[in-house]
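Peer 1: Sequence plus the predicted model coming up.
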Amino acid sequence: MSSTKTRDHNVETQRNWVRIPPVMWVVLILLLAAGLRIYGVYQISPPGLEHDEVANWLIDRAILDGNHTIYFAEAYGHEAGFHYLQALSVALLGDHALALRLPAVLSGLLLVAIQYALTRRLFGVAVALISTAFLAVLFWPVFYSRLGLRAMLLPVISGVSLYCWWQAWSPGRAGKIRNSASILGLYSQKSSFWFALAGVLSGLTLYTYMAARSLPIFYAALLLYLGLFHKPVFKQKWRGILLFALLFVVVAAPLVFYLQTNPSAEFRVTEIDAPLRALLAGNLQPAVQNGFNILGMFGFSGDPLWRQNVAGRPVFDPLLAIAFYAGVFLALLRWRDARYAFLLLWLGSSAIPSIVTVDAPSSIRLINALLVVTVFPALIIQNIPSFSTVVPWLSTKLVYLLALLLILTHIWWTAVDVFHTWPENEEVQFVWQAALADTAVFLDQASETGPVALGGWSPATLDPPTMLLSMRRRDLGMRFFGSDSIAAPISTLIIPRAGDENLLRITRPVIREVAPELEGQLTAWGGVPQSKGSFVLYELPAPLQIEPQVPMNFTFDHQLQFLGYSFSGGQESCVFKECRLLTYWQVVAPAGDARRFFLHAVDEAGNVVAQHDGLDAPSQYWQAGDVLVQAHSLKLDTAVPMELRLGVYEPQTGRRLALANGDDHILLSLP
């Protein structure tokens, strides 16, 4: 059979295959994409709330309270675009994880639809349906569509801007844009409109996510390419291109100006840009190595971080990876066709944010590549029949059957990793605070209404908003304690004031141990630890009997009453190399600012030879009658005579709270 007849036969087979209206296939693909992105997004996967999601919510609440800006310096710096959508979702649906994640879910679904429209315009229906089906089921886009983070909005806005660009550059359908000279003089008025819209949208992409800053590089490279190799159309379109560039600059200018005048707003960049600094210094090795890592992520080893992936998981299975790399090679062979050059330039520019930063390949910094990654294998799959001269009808059917099997394989692979492998990983459980999520579910279902003290990782910052987002009830009077140090055990307990309840509850994650002295005190009070899966529950009888070894009664600034102290391991321990003790305090009145305890070991000359500062129960949640128990540990280098001085101070100012007699500390007796 001649090549012309073979090609015509394949075209007819393709038409038969898409005899079902393409819109029906798109609807089916979107339904599949929706199922993978929506199912269990609230409590199954992710297994809890990550700090970045909670920080996003705090920014959203600030927006709803009237704090409007184009860039938020909080949480290491955030472009504002996604936050306004997220704030609208929170305003409509309420303060919970689903409201935070729904904008990303919708962005993920829009991306599928946008990629179909863009790919159909460039390469036709068959390629568009194949590439869109893979995009719908790949782990990478499904994963980021389930997180309450801003990255997913970037490929959506940039995808719409690209569609507008191609509408302006080449209004013809796929297959008619290869000969760019054929459209000279056509659609000039419409082209200006589409160029203007593309410019505005391209400028808006910079307000979505930091990785959008590679977009000007892409358009600069694309315009250079078009000016060199598609000069007739470029000359005819120059006014529209100039309008595009002008509007791009005008829309982006406010953000650029803000960042130039507030360089400290992007503190996060300085933590991850080591490869860029090396590159600017003339050292190419880190960037080149990152480039090879990125090239290998599609079939060999992917993102190394569990918080962003199933660590090391490649984007494609082996067969689809071969098709991807073959598609890249095909695009290189056809680089004079503007469509293929666009694919290569987009993929390359999307990789720049990961090339110049650490931990490559970073799937989140490569997020803009999602627009084209599945187009490469789709081109190969759709073109395989045209490469064959033997039984073309059968080969076409087999190719599409293979594509279907690959899609089903990725559905299974993605589902297993999204709903089991990833959320059950220990690091993921930690980063997404699964223990706090489980605690919230337990407390929501419990019949008791008394106050609860919750141990965690960030008692003064993110633990309280995490529980506000995770819990539905608001009647428990939550207190918080813990420490930011993962390695060290918790050294502070807060015991809520007993009201009419005869039961006090304290919880902590299993992986957040408390100091042995505090654990012993809880046991002495009858608080036997009860394992509840990812967290531990202590139930204490109320009211508690506070009986330190050395009872005392001093009040600091009418705020904190010192009740006494107990030595751990006996008083003789303080004359050797370590002094460990518990101090007991009762809240007289809530404090307005943060407080810290200090314990100093002072020698006969008045020199501080050892000290311990601590108080990891934020004062903004104290209520009168609450009890604080602080574990102190002093490392002593000598056994010289000394005295122990105990007091309270304000960490912001260093001011010490005073006793009634004016002293700023009390002396603890030693053996």
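Peer 2: Structure's in. What do you need?
Peer 1: residues in contact with the closest residue to residue 369 other than its chain neighbours?
Peer 2: Excluding the flanking residues, the one nearest residue 369 by CB to CB, 6 or more residues apart in numbering is residue 350, at 3.8 Å. For every residue, glycine as well, the C-beta is placed using N, CA and C. The contact partners of residue 350, by CB atoms under 8 Å, 6 or more residues apart in numbering, come to 211, 214, 218, 366, 367, 368, 369, 371, 372.
Peer 1: I figured the second one was touching residue 356, is that so?
Peer 2: No: in this structure, residue 214 sits apart from residue 356 without contact. The criterion is CB atoms under 8 Å, and the distance is 9.4 Å.
Peer 1: one step back: need the pLDDT of the residue nearest to residue 369.
Peer 2: At residue 350, the model reports a pLDDT of 98.
Peer 1: now the end-to-end length of stretch 257-270.
Peer 2: 19 Å (CA to CA, to the nearest Å).
Peer 1: Buried residues in that stretch, which are they?
Peer 2: 259, 265, 266 (16 or more other CB atoms under 10 Å).
Peer 1: again with stretch 310-325
Peer 2: 310, 311, 313, 314, 315, 316, 320, 321, 323, 324, 325.
Peer 1: Next up, the contacts around residue 376.
Peer 2: Residue 376 touches 323, 324, 325, 326, 327, 328, 330, 331, 343, 347, counting by CB under 8 Å, 6+ apart.
Peer 1: so the first one makes contact with residue 375?
Peer 2: What it means is residue 323. No: if you go by CB under 8 Å, residue 323 and residue 375 don't touch, sitting 10.9 Å apart.
Peer 1: So residue 135 is in contact with residue 370, correct?
Peer 2: Yes: with contact defined as CB under 8 Å, residue 135 and residue 370 form a contacting pair (6.8 Å).
Peer 1: pLDDT (mean, whole number) over the top helix by length along the chain?
Peer 2: Assignment by DSSP state H gives helix 97-123 as the longest helix of the chain. The predicted model assigns helix 97-123 a mean pLDDT of 97.
Peer 1: Now do stretch 587-598: distance from first to last residue.
Peer 2: 17 Å.
Peer 1: mean confidence for it?
Peer 2: Rounded mean pLDDT across stretch 587-598 is 91.
Peer 1: do the same with stretch 282-291
Peer 2: 96.
Peer 1: where does this structure have low pLDDT?
Peer 2: Applying pLDDT under 70 to the chain flags residues 1-19, 171-189, 387-395, 500, 569-577, 637-641, 670-671.
Peer 1: Swap in 50 and give it another go.
Peer 2: The chain contains residues with pLDDT under 50 at 1-13, 17-18, 175-187.
Peer 1: Let me see the domain layout of it.
Peer 2: For the chain, automatic domain parsing gives the domain ranges 22-426, 433-541, 550-668.
Peer 1: now the longest one, how far from the centre of its chain.
Peer 2: Going back to what we said before, that points to domain 22-426. When distances are taken as CA atoms, centre = their mean, to the nearest Å, domain 22-426 is centred 17 Å away from the chain's centroid.
Peer 1: how long is that domain end to end?
Peer 2: 43 Å.
Peer 1: Let the chain start at 32 from now.
Peer 2: In the new count, where the first residue is 32, that last one comes out as domain 53-457.
Peer 1: contact partners of the helix or strand hosting residue 664?
Peer 2: If you go by DSSP states H and E, residue 664 is part of strand 658-666. Residues lying outside strand 658-666 but in contact with it, judged by CB under 8 Å, 6+ apart, are 522-526, 528, 546, 548-549, 552, 575, 577, 591, 594, 599, 605, 608-618, 628, 630, 632, 641-643, 645-646, 648, 675.
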